[in-house]
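Return atomic coordinates for the entry below.
(one chain, ligands or ions: 1)
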Amino acid sequence: MEFFDYFSNLFGERWPALLEALKGEGCATELRFGDGLEPYYLDEASVFAAKTLGVEPGDRVLDMCAAPGGKSLVLASGLKGEGSLQSNDRSPDRRLRLSHVLENSLPEQWRSVVSVTGYDGVKFGMHKKESYDRILLDAPCSSDRHVLNAPEHLKVWSVKRVKRLAVEQGSLLASAVDALAPGGTLVYSTCALSPMENDDVVKKILKKRPAMRLDEIAQIPAGADRTECGVHILPDRAAGRGPIYCARLVKG
Ligand SMILES: C[S@@+](CC[C@H](N)C(=O)[O-])C[C@H]1O[C@@H](n2cnc3c(N)ncnc32)[C@H](O)[C@@H]1O
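Below is the predicted model of the structure:
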């Protein structure tokens, strides 16, 4: 089947162990921000990607593709009620879940600086030019671990679809770059396995937007791999965590 051939070629000798790990249990940690608030369970690799943005109180933050909201919780915990977080997602259904998560898992004071919007991410660059200090683009991706464990999705997986998603990711990333204020920081992340959706998307934006440069992520989790532009956390070496890819860029 196309999925197995493609990734077996890509990962070579590593693929059998990675395949087993992808089929296995994930590794979620509990996010709980106070008594009486709902806990949220999020893969530790996702927590890492969100923390990599380095949000501090007072920042103007955009989470461009935010639903269901796990990473927005981590970003809001960095603000501690000072600054602003716009948690955006284009899907109405997923936005309902996002609002529920933010409403029920954040302390009142932290929630007061969070807003939920439903714009198409590609519009931010034009309509909100240079408006945010920190942007997380956790892009829609081929979600390969989920696909592997869902036969109906596995049947329709194709390299063509990966390429299509990479084009969409490129447009969202260009928009995020344009919405970032000078001196601002952006994290691009996906849960995809293929470099086409990860490093390749970042390399293209670095060519297109010369003001952007890579900012090396100094500390990475045990078992994570450094790639040309960022960090890839894969479950075979990272105790079940991931897949998560993230790269950090700053605007000069
Ligand atoms: C990987 S998920 C985000 C997961 C989320 N960051 C979290 O941690 O819970 C990608 C999200 O992007 C949203 N999305 C897809 N295309 C979009 C677009 N053009 N603009 C805004 N959101 C989009 C999808 O609805 C989906 O919820």
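
Next, the contact list for the closest residue to residue 97 other than its chain neighbours, please.
Spatial nearest neighbour of residue 97, chain neighbours left out: residue 68 (4.5 Å); criterion: C-beta to C-beta, 6 or more residues apart in numbering. In this view, the C-beta of every residue, glycine as well, is placed from N, C-alpha and C. By C-beta atoms under 8 Å, 6 or more residues apart in numbering, the contact list for residue 68 reads 94, 97, 98, 101.

and the gap between the second one and the ligand?
Plainly put, residue 97 is 9 Å away from the ligand if you go by C-beta to the nearest ligand atom, to the nearest Å.

wait, what's in contact with that residue?
Contacts of residue 97 (C-beta under 8 Å, 6+ apart): 67, 68, 69.

buried ones in stretch 169-180?
For stretch 169-180, burial by neighbour count (16 or more other C-beta atoms under 10 Å) applies to 169, 170, 172, 173, 174, 175, 176, 177, 178, 179, 180.

which phi and psi does the residue nearest to residue 97 have?
Main-chain torsions, residue 68, degrees, to the nearest 10: phi -80, psi -10.

quick revisit: now narrow the contacts of residue 97 to whatever sits close to the ligand.
Restricting these to those adjacent to the ligand (criterion: C-beta under 6 Å from any ligand atom) gives 67, 68, 69.

Contact partners for the first one?
What it means is residue 67. Residue 67 is in contact with 87, 89, 91, 94, 95, 97, 98, counting by C-beta under 8 Å, 6+ apart.

tell me which residues form a beta bridge with residue 28?
residue 43 (DSSP bridges).

quick one: it and residue 41 touch, right?
Yes. Here residue 28 reaches residue 41: they are 4.1 Å apart, a contact under C-beta atoms under 8 Å.
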